[in-house]
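Enquirer: Just the structure for this:
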Amino acid sequence: MLIPPRTTPPPDAAERRAAKPIVVYAVDRLPAYDAPFYDKARAGMAKIGETIVPPREGRAFDVPAGHFFRIVSIEGPQVGDLNLWNAANLAESFFSGKTRALNATHVSAGARLWSALPYLRPMATITRDTLDWYGFDSDGAGVHDVIGTRCDPYTNRLLTGGDYHHCCHSNLTRALAERMRLSRREAEPHVHDVLNVFMCTGFEIHSHRYFMKASPVRPGDFVEFFAEIDLIGALSACPGGDCGETHSSDAARCHPLKVEIFRPRDEALQGWRPPVVSAYSGE
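Expert: Below you'll find the predicted structure:
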């Protein structure tokens, strides 16, 4: 916790504070969201599989490039923590920090999920979001954030002195370990900061501390993605339920989540190619 400032403001303090804010990245050179392409690809797509993620657990799933996947609320308000990897290379994983910098603190339809350096390419594009109506509320909170990390047993141990084994970090680790036939110790370093699906979060106005509030998600809501490359995903049904009161808890009311995989019609992807990795020379 920060202590009150001890330094006397300089004479030009007001002038310094009045500096004009500048958005860090000018993204006008990024390819625009191609709504006609994605709408055409969605039309007539066929469901080819689904995975149920039990409460307080994690599950992995595979999505071929050019397919869609949805994360669906099915029984009650529930948030999920999402990790993504290149199916052929776990080192190329979802980069929440750069996704935040190139989009915003919260993402919705039209946003791309970017991969880690040195690859830096779109891994998935959000094509539908039934919570896009929420926007930002009077507390400054929005849905689907890329600012939080993930609940984890190490921070829980630090703050409570106890061990909890169903934090999202642990759930994602077990899911990836099972999918890749790795030990948990081998899988854990590949687990990374997440997209907090359905989670409603923001920063307090005065303290600027990260906060959460009850998610507006309800059964039938979903967020849909187009896989730009071959993906392995892992999703944890957070032990905080709707995260309206607590997380990392066996007391919170939790619900399962569903992942659905869809294949578009062959002709819908004519001319489409997966994005290539960054062309930076490395010199």
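
Enquirer: Stretch 239-252: how far from the chain's middle?
Expert: Put simply, stretch 239-252 sits 18 Å off its chain's centre (C-alpha atoms, centre = their mean, to the nearest Å).

Enquirer: Ends of that stretch, what's the gap?
Expert: 7 Å (C-alpha to C-alpha, to the nearest Å).

Enquirer: Please list the residues outside it that contact it.
Expert: 55-56, 76-79, 151, 156, 164, 166-168, 199-200, 212-215, 217, 238, 253-255 (C-beta atoms under 8 Å, 6 or more residues apart in numbering). Backbone N, C-alpha and C define where each C-beta goes, glycine included.

Enquirer: mind redoing it with 6 Å?
Expert: 56, 77, 79, 151, 156, 164, 166-167, 199, 212, 214-215, 253-254 (C-beta atoms under 6 Å, 6 or more residues apart in numbering).

Enquirer: where in the chain is pLDDT low?
Expert: 1 (pLDDT under 70).

Enquirer: Select the longest helix from it.
Expert: When the chain is scanned for its longest helix (criterion: DSSP state H), the result is helix 168-180.

Enquirer: Show me what counts as buried in that helix.
Expert: Going by neighbour count (16 or more other C-beta atoms under 10 Å), the buried part of helix 168-180 is 168, 169, 170, 171, 172, 173, 174, 175, 176, 177, 179.

Enquirer: quick one: buried residues of the first helix or strand past it going along the chain?
Expert: Using DSSP states H and E, the helix or strand that follows helix 168-180 towards the C-terminus is helix 184-187. Buried residues in helix 184-187, counted by 16+ other C-beta under 10 Å: residue 187.

Enquirer: so the helix or strand following helix 184-187 versus helix 168-180, what angle?
Expert: Per DSSP H and E, the first helix or strand lying C-terminal to helix 184-187 is strand 195-203. Relative orientation of strand 195-203 and helix 168-180, computed by axes from the mean of the first three to the mean of the last three C-alpha atoms, to 10 degrees: 170 degrees.

Enquirer: ok, and for the helix or strand following strand 195-203, which residues are buried?
Expert: Elements were assigned by DSSP H and E; along the chain past strand 195-203, the next helix or strand is strand 210-213. For strand 210-213, the neighbour count (16+ other C-beta under 10 Å) marks 212, 213 as buried.

Enquirer: Can you name the residues in contact with strand 210-213?
Expert: 141, 200, 201, 204, 243.

Enquirer: Just the CA atoms of it, as CSV, please.
Expert: This file holds the C-alpha atoms of strand 210-213, laid out as CSV (Å, rounded to 0.1, in the frame of the first residue of the first chain):
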residue,chain,number,x,y,z
TYR,A,210,-8.1,-3.1,-9.9
PHE,A,211,-11.6,-4.1,-8.8
MET,A,212,-14.2,-6.7,-9.9
LYS,A,213,-18.0,-6.7,-9.6
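
Enquirer: Show me what whichever helix or strand comes after that strand packs onto, helices and strands only.
Expert: Heading C-terminal from strand 210-213, the first helix or strand you meet, by DSSP H and E, is strand 222-227. With contacts defined as 3 or more C-beta pairs under 6 Å, 6 or more residues apart in numbering; DSSP states H and E, the packing partners of strand 222-227 are strand 68-73, strand 122-129.

Enquirer: Same list (the ones you listed) but as a markdown table, adding mean neighbour count.
Expert: Below are the helices and strands packed on strand 222-227 laid out as a markdown table (neighbours: other C-beta atoms under 10 Å):
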| stretch | mean neighbour count |
| --- | --- |
| strand 68-73 | 23 |
| strand 122-129 | 22 |
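
Enquirer: those strands in this structure, which residues are they?
Expert: 46-53, 58-63, 68-73, 80-86, 89-93, 112-114, 122-129, 142-145, 195-203, 210-213, 222-227, 231-237, 257-263 (DSSP state E).

Enquirer: got the contact list for the nearest residue in space to residue 182 that is not next to it in sequence?
Expert: Among residues not flanking residue 182 along the chain, residue 176 sits closest, at 7.2 Å (C-beta to C-beta, 6 or more residues apart in numbering). Neighbouring residues of residue 176 by C-beta under 6 Å, 6+ apart: 60, 187, 234.

Enquirer: let's go with 7 Å and repeat that
Expert: 60, 187, 190, 191, 234 (C-beta atoms under 7 Å, 6 or more residues apart in numbering).

Enquirer: how distant is the longest helix of the chain from the center of its chain?
Expert: The answer for helix 168-180 is 16 Å, by C-alpha atoms, centre = their mean.

Enquirer: before we move on, what about stretch 228-246?
Expert: Using C-alpha atoms, centre = their mean, the offset of stretch 228-246 from its chain centre is 8 Å.
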